[in-house]
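Visitor: curious how this folds, go ahead:
(chains A and B)
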Amino acid sequence: MPNPRLPEKHNYLEVQDLKKTFVDKKRTVEAIKSISFGIAKGEMVGLLGPNGAGKTTTIKSILGLIKPDSGIVKVDSIDCAANPREAAKRMAAVLEGARNTYWRLTVWENMQFFAGIHGVCAAENKEYFEYLLETLKLQDRRDTEVRNLSSGYKQKTAVACALAKKTPLVFLDEPTLGLDVESSYELRAALKRLQSEEQRTIVVSSHDMKVIQDVCSRVIIISNGRVVADDNIDDLLSLFRTRNYRIVVSKNAYMQHPELLMAELSQGFPQADINETPDTVEIAVEFTNPFEIYDLINTLSGFRVAIESITQEQVDLEKAFLEIVRREDGVCG
Amino acid sequence: MWLIALKASWRQTLTLQIRYLFNFFTSIITMSIVFLLIFHGVKAVGAGALDLGGTLEGLFTGYIIWMIVLTGYQDLAYNAANEAQTGTLEQLYLSPVGYKWLAFFSGSFNALMSLAQISVITAVMVLTTGQKLHLDIFSILPVFFGVYIQAYGLGFILGGLALIFKRIQSFFQVVTFGVIGLFMIPWSKYPWAKYLPFTMGQHLLQEIMMEGMKFTQAPKGDLAVFAVATIAYFLAGLGVFSMAETKAKAMGLLGQY
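Guide: All right, here's what the predicted structure looks like:
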């Protein structure tokens, strides 16, 4: 079901009620129970999910590498099952766990080949290929055989080959897996630049929440073969933004009757977690309404304690993701 | 799109051949040595020991056909298995041209490479044994390509099996030697053997290279059997591959190894 909070746009990629069960002699695995979503042209969307959630099966089903049991996949309004050749012209991908490139060919030769088998002539697109190399910081490795490159450069080569096909829709399955911090940062910067300059529709699947939060504006969370969340990242985070505060007060000469303060806090704020050290008192508390913090401040003020710090717990995508998946596991399990 | 894909495929195949040039030459040397060992072995114990076409001379055409079959089916079958193993197979499947066409494109280039390789080995065979062969290129080429296409049919069958069962290279080796068995079945005793893959090709090649027959002079019945066998075995291979491909996609096996 489409998310009503997302603005209605024409979907470039549309997935409706996709289902896939793998059956072999030993067991039956329901990899995708029911997946539906739409992605508008120019969107950069993150696909998140725990291991075995069905992300890769979903991507491969869209790409035609896995035959789904049922469901409809449309790319640019073309039914992928009915017209796979036309759909394939519009899609490229870097797949997780695969080499994606020929290690005995150079970076440039790989780009020429993969673009060529997609109908993109390397000679006519030399400038664009150079632009990709520059954006992905691969210029110096242009004529190096891929087998002689580090894993970061290999991964960037795979991305360059996928982008060289000039398809409007690109899937990147775990593009930063195994990359060091610097390579991951460079790749993310390149993706953001390419997306803003070319308006391509990019779907990024990753375990790394920072990657998704950094490059995507929207996230689709898959768990147990279903879409459990589909929202703009900011809106999703606001759902999980809590009124969790951590207040540190120092015990000082002005503080009167500390034992009374502890008793008052325990009675007035039973949900609070209070830790007393020789010099300070730390109060961790979640408020149900925004005005309760004033009550706490008033209480502290009555005991003339010095407030050292007040911090509000920040929620990030990782926490939101874990919360959603745990909730879903609770429902399913 | 098709022409660009063909050019890209040929360029890639050529580049990889150049990168693996050592392998290209060692194949020539190995195949030449293997032939000489068989030739002198058979000569020592008598032609009856290895009846490839009934005579010692039959060994020449039998060996040439065997090399064509070997390079033809191995090109596709080993490539499918290797691409799956190295993780590039799924990328080829993403091409709008389709994997089967890409295999055909690279196969057409490899056929020429194979022709060059077999020509050199044949020259070595002739020079080292003193055997006279009729080398009418216009009669030999149709047989070469016909047998190569039949071998591609076999390659598609084995490639399809590789998509599903993965590590079956040892089975490929069994097939390699099993093909020799096809040439050893005497037609006089088993007339149906002429309909088996590659056998009519070997018979025609023997007539052309040993007896100096022109391709166009061959009995119409033999040419018809050769043409039908070429089309039938190629289509059968393509059919089996398509079925295996559908099954591999249903089972999600394309990317696994």
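Visitor: C-alpha from now on. contacts and neighbour counts both.
Guide: Will do.
Visitor: nearest residue to the middle of the chain?
Guide: Going with chain A. Nearest to the mean C-alpha position of chain A, by CA atoms, centre = their mean, lies A:Ile212 at 3.1 Å.
Visitor: look at chain B instead
Guide: Note: chain B centre (CA atoms, centre = their mean) maps to B:Val69, 2.2 Å.
Visitor: show the pLDDT at that residue.
Guide: You'll see B:Val69 listed with a pLDDT of 86.
Visitor: looks to me like it is in a helix.
Guide: Yes - counting by DSSP: H, G, I helix; E, B strand; the rest coil, B:Val69 is located in a helix.
Visitor: look up the closest residue to it, ignoring the ones flanking it.
Guide: For B:Val69, ignoring the flanking residues on the chain, the nearest one in space by CA to CA, 6 or more residues apart in numbering or on different chains is B:Ala151 at 5.0 Å.
Visitor: just to revisit the earlier point, test my guess that the residue nearest to the centre of chain B contacts B:Gly155.
Guide: No - using CA atoms under 8 Å, B:Val69 is not in contact with B:Gly155; the gap is 9.2 Å.
Visitor: tell me how far A:Asp279 lies from A:Val249.
Guide: Between A:Asp279 and A:Val249 the distance is 9 Å, computed by CA to CA, to the nearest Å.
Visitor: quick one, which of the two is more surrounded?
Guide: Neighbours of A:Asp279 and A:Val249, each counted by other CA atoms under 10 Å in any protein chain shown, are more numerous for A:Val249; the result is 18 against 9.
Visitor: what about the more buried one, which SS state?
Guide: strand.
Visitor: list the contacts for it?
Guide: A:Val249 makes contact with A:280-282, A:305-309, according to CA atoms under 8 Å, 6 or more residues apart in numbering or on different chains.
Visitor: what's opposite it in the beta bridge?
Guide: A:Val281, A:Ile307 (DSSP bridges).
Visitor: got the confidence number for it?
Guide: On the pLDDT scale, A:Val249 gets 86.
Visitor: please state the mean pLDDT value computed over stretch A:148-163.
Guide: Rounded mean pLDDT across stretch A:148-163 is 91.
Visitor: chain center to it: distance?
Guide: Remark: stretch A:148-163 is offset 21 Å from the chain centroid, using CA atoms, centre = their mean, to the nearest Å.
Visitor: which parts of it are buried?
Guide: A:149, A:151-163 (16 or more other CA atoms under 10 Å in any protein chain shown).
Visitor: show me where the stretch 51-200 of chain B has helices.
Guide: B:56-86, B:89-93, B:99-129, B:137-165, B:169-184, B:199-211 (DSSP state H, counting those that start in this stretch).
Visitor: format the ones you listed as JSON lines; extra columns: distance to A:Leu260.
Guide: Formatted as JSON lines, the helices of the stretch 51-200 of chain B follow (distance: least, CA to CA, whole Å):
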{"stretch": "helix B:56-86", "distance to A:Leu260": "71"}
{"stretch": "helix B:89-93", "distance to A:Leu260": "70"}
{"stretch": "helix B:99-129", "distance to A:Leu260": "79"}
{"stretch": "helix B:137-165", "distance to A:Leu260": "75"}
{"stretch": "helix B:169-184", "distance to A:Leu260": "81"}
{"stretch": "helix B:199-211", "distance to A:Leu260": "103"}
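Visitor: distance check, A:Tyr245 against chain B.
Guide: Distance, A:Tyr245 to chain B, by CA to the nearest CA, to the nearest Å: 48 Å.
Visitor: actually A:Val120, not the one I wrote
Guide: 7 Å.
Visitor: report the distance from stretch A:185-197 to the chain centre.
Guide: 15 Å.
Visitor: buried ones in it, by neighbour count?
Guide: A:186-192, A:194-195.
Visitor: so which of those are in helices?
Guide: A:186-192, A:194-195 (DSSP state H).
Visitor: for chain A, what are the nearby residues on chain B?
Guide: B:1-2, B:4-9, B:11-12, B:15-16, B:19, B:86-88, B:90-98, B:102, B:246, B:248-252, B:254-255 (CA under 8 Å from any CA of the partner chain).
Visitor: buried subset of those?
Guide: Buried among the residues of chain B next to chain A by 16+ other CA under 10 Å: B:2, B:4-9, B:11-12, B:15, B:86-88, B:90-98, B:102, B:246, B:248-252, B:254-255.
Visitor: setting aside sequence neighbours, what's the nearest residue to A:Ile66?
Guide: A:Ile66 sits nearest to B:Lys249 (CA to CA, 6+ apart), 4.5 Å away.
Visitor: report the separation between that neighbour and A:Ile32.
Guide: B:Lys249 is 15 Å from A:Ile32, by CA to CA.
Visitor: look up how far A:Cys161 lies from A:Gln139.
Guide: Counting by CA to CA, the gap from A:Gln139 to A:Cys161 is 14 Å.
Visitor: ok, B:Ser170 next?
Guide: 34 Å.
Visitor: ok, for A:Leu179, nearest residue in space, not its chain neighbours?
Guide: A:Gly152 (5.4 Å).
Visitor: in strands, which of the buried ones among the residues of chain B next to chain A appear?
Guide: Using DSSP state E, no member of those falls within strands.
Visitor: which residue ranges of the stretch 151-300 of chain A form helices?
Guide: A:151-164, A:181-198, A:209-215, A:233-240, A:258-268, A:292-302.
Visitor: export only the CA atoms of the third one, formatted as CSV.
Guide: The C-alpha atoms that make up helix A:209-215 are tabulated as CSV, following Å, rounded to 0.1, in the frame of the first residue of the first chain:
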residue,chain,number,x,y,z
MET,A,209,22.5,3.1,8.0
LYS,A,210,25.0,6.0,7.7
VAL,A,211,25.3,5.4,4.0
ILE,A,212,21.5,5.5,3.6
GLN,A,213,21.0,8.5,5.8
ASP,A,214,23.8,10.3,4.0
VAL,A,215,22.8,9.7,0.4
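Visitor: any buried residues in that helix, and which?
Guide: Buried residues in helix A:209-215 (16+ other CA under 10 Å): A:209, A:211-213, A:215.
Visitor: the contacts of A:Val249 into JSON lines, with extra columns for pLDDT?
Guide: What follows is those, written out as JSON lines (pLDDT from 0 to 100):
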{"residue": "A:Thr280", "pLDDT": "83"}
{"residue": "A:Val281", "pLDDT": "84"}
{"residue": "A:Glu282", "pLDDT": "87"}
{"residue": "A:Val305", "pLDDT": "80"}
{"residue": "A:Ala306", "pLDDT": "82"}
{"residue": "A:Ile307", "pLDDT": "85"}
{"residue": "A:Glu308", "pLDDT": "86"}
{"residue": "A:Ser309", "pLDDT": "88"}
